[in-house]
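Asks: Sequence and predicted structure, then a few things I'm wondering about:
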Amino acid sequence: MATVAEIREALRGVKDPEIGRSVVDLGMVRDVEVVGGRVTVTLALTTMACPLQGRIGAETKEAVQRLPGVAEVSVRFAAMSEAERARAFGAAEKRQEKPTAAQFNHIAEVVAVMSGKGGVGKSLVTALLAVSLAKDGKQVGILDADITGPSVPKMFGLQARPEGSPAGLLPVPTRLGIRVMSINLLVEREDEAVIWRGPLVAGAVKQFWEEVVWGDLDYLLVDLPPGTSDVPLTVMQSLPVAGLVIVSTPQDLAGMVVRKAVRMANQMNVPILGVVENMSYFTCPDTGKRHEVFGPTRGEELAAAAGAPLLGQLPIDPEVSRFCDAGRIEDYESDAYRELARAFARANGAKVKAGTAR
Ligand SMILES: Nc1ncnc2c1ncn2[C@@H]1O[C@H](COP(=O)(O)OP(=O)(O)OP(=O)(O)O)[C@@H](O)[C@H]1O
Ligand SMILES: [Mg+2]
């Protein structure tokens with residue numbers, strides 16, 4: 001005849017269907033009585049009204065009946081005591097504890113790159129700032145928050161899909177080790193159009209923050225879509241953005257566009273780290289002469305409008321497009337961008353000292 005120990009062992013195969021753990025591990029087997037060929041098992045349930053009582057009872061009977069010498073099995077139910085319940089729930093919680101990305105993410109600064117209008121070079125500035133910071137030994141990530149017009153993976157020539165882990169998706173590393181997450185890395189084809197409504201787009205951006213294992217980063221740069229619409233709002237609301245970098249060109253109605261961005265930043269209580277004027281000038285390769293192609297530079301005017309330092313004035317460089325198109329942005333060397341990265345790091349340090357970091 002089966003012993004009490006053997007019966008308990010057999011009951012390991014019976015699981016609480018809701019929690020998915022054995023009734024033995026959950027401390028639900030309160031008593032096992034063996035008299036001749038008759039076995040009585042008493043199970044403690046979290047509540048006597050447990051809707052799964054019938055199923056657990058039937059499985060218990062079946063498991064015990066299979067043992068040698070067992071002629072009859074009856075199952076009794078009792079309600080768990082407080083102590084038993086605490087133990088059972090404690091065990092269940094332990095099992096359900098899933099690692100989260102947040103447990104692995106230690107990000108010193110989240111900085112969003114913003115502009116009043118499209119095509120001014122936000123993505124390029126984000127990418128080259130990341131490259132310069134990485135070359136200066138910083139750990140950098142880029143969150144491509146431009147869901148409907150993502151351009152970051154192409155500049156770095158990234159093809160690999162993000163790998164999964166129990167805690168979340170892993171960003172794809174560039175050759176210099178910049179960690180990138182973009183919707184472009186997740187869609188089947190690079191040129192696939194993402195046509196989503198606003199809330200879905202905002203949801204995806206939030207997921208890139210909450211469900212991506214970024215790890216330890218000095219900077220997470222967020223490449224925003226143009227304008228001051230849904231996504232910039234979501235980013236500023238849902239991410240601990242420490243500061244904004246505003247990109248503009250001399251061509252813009254600079255003052256107005258920057259003022260709009262400043263208003264939004266103020267409303268959202270996010271400091272502006274600095275302003276970058278892109279496409280400020282073109283240096284003629286033949287004569288070495290500077291031409292202000294898009295009109296006189298307005299760097300100082302921009303900085304005054306933003307109440308923040310001018311981090312850099314970047315030249316128009318036809319070379320840069322070639323590097324972008326070839327997916328080799330990391331090979332592009334430019335003093336202007338190295339200087340930009342240093343000014344950025346200085347502005348960041350000043351902000352932290354001034355205690356405006358969030
Ligand atoms: N300083 C520059 N010299 C040469 N080409 C540039 C420069 N800045 C940007 N470009 C080119 O201009 C185009 C637009 O740049 P980019 O994609 O970075 O702008 P964006 O502001 O991110 O645009 P969007 O608003 O669509 O996101 C790209 O092809 C880029 O290579
Ligand atoms: Mg862009």
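Replies: Arrived safely. Ligands and ions are numbered 1, 2, ... in the order given.

Asks: Tell me which residues touch the residue in the stretch 201-350 of the chain positioned nearest to ligand 1, please.
Replies: Nearest residue of the stretch 201-350 of the chain to ligand 1: residue 226, at 3.7 Å (Cβ to the nearest ligand atom). Heads up, the C-betas are built off the backbone N, CA and C, glycines and all. By Cβ atoms under 8 Å, 6 or more residues apart in numbering, the residues touching residue 226 are 115-120, 122.

Asks: and these, which are buried?
Replies: Among the contacts of residue 226, those classed as buried by 16 or more other Cβ atoms under 10 Å are 115-117, 120, 122.

Asks: near ligand 2, which of those residues show up?
Replies: For ligand 2, the contacts drawn from the buried ones among the contacts of residue 226 by Cβ under 5 Å from the ion are residue 122.

Asks: From the buried ones among the contacts of residue 226, which land in helices?
Replies: The members of the buried ones among the contacts of residue 226 that map onto helices under DSSP state H are residue 122.

Asks: Could you single out the nearest of the buried ones among the contacts of residue 226 to residue 286?
Replies: Residue 286 has its nearest neighbour among the buried ones among the contacts of residue 226 in residue 120, at 27.2 Å by Cβ to Cβ.

Asks: Let me see the contact set for that closest one.
Replies: 226, 247-249, 252, 278-279 are the contacts of residue 120 under Cβ under 8 Å, 6+ apart.

Asks: hmm, 6 Å instead?
Replies: The contact partners of residue 120, taken as Cβ atoms under 6 Å, 6 or more residues apart in numbering, are 247-249, 278.

Asks: which stretches of the stretch 201-350 of the chain form helices?
Replies: Secondary structure of the stretch 201-350 of the chain (DSSP state H, counting those that start in this stretch): helices at 230-238, 254-267, 299-306, 318-325, 335-353.

Asks: is it possible to export those helices to CSV including distance to residue 31, mean pLDDT and mean neighbour count?
Replies: Output for the helices of the stretch 201-350 of the chain, formatted as CSV (distance: least, Cβ to Cβ, whole Å; pLDDT from 0 to 100; neighbours: other Cβ atoms under 10 Å):
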stretch, distance to residue 31, mean pLDDT, mean neighbour count
helix 230-238, 52, 88, 19
helix 254-267, 65, 81, 18
helix 299-306, 74, 86, 19
helix 318-325, 72, 93, 14
helix 335-353, 63, 81, 17
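
Asks: Redo those as CSV? Include distance to ligand 1.
Replies: Shown next, in CSV, are those (distance: least, Cβ to the nearest ligand atom, whole Å):
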stretch, distance to ligand 1
helix 230-238, 11
helix 254-267, 12
helix 299-306, 14
helix 318-325, 4
helix 335-353, 9
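
Asks: Any chance of JSON lines for those, columns distance to ligand 2?
Replies: Formatted as JSON lines, the helices of the stretch 201-350 of the chain follow (distance: least, Cβ to the ion, whole Å):
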{"stretch": "helix 230-238", "distance to ligand 2": "11"}
{"stretch": "helix 254-267", "distance to ligand 2": "15"}
{"stretch": "helix 299-306", "distance to ligand 2": "19"}
{"stretch": "helix 318-325", "distance to ligand 2": "11"}
{"stretch": "helix 335-353", "distance to ligand 2": "16"}
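
Asks: Checking the residue nearest to residue 10 when sequence neighbours are not counted next. Helix, strand or coil?
Replies: Excluding its sequence neighbours, the residue lying closest to residue 10 (Cβ to Cβ, 6 or more residues apart in numbering) is residue 63, at 4.8 Å. Per DSSP: H, G, I helix; E, B strand; the rest coil, the secondary structure class of residue 63 is helix.

Asks: gap between residue 63 and ligand 2?
Replies: Distance, residue 63 to ligand 2, using Cβ to the ion, to the nearest Å: 61 Å.

Asks: Next up, the contacts around that residue.
Replies: 10-11, 13-14 are the contacts of residue 63 under Cβ under 6 Å, 6+ apart.

Asks: Now that we have these, which of them are buried?
Replies: 10-11, 14.
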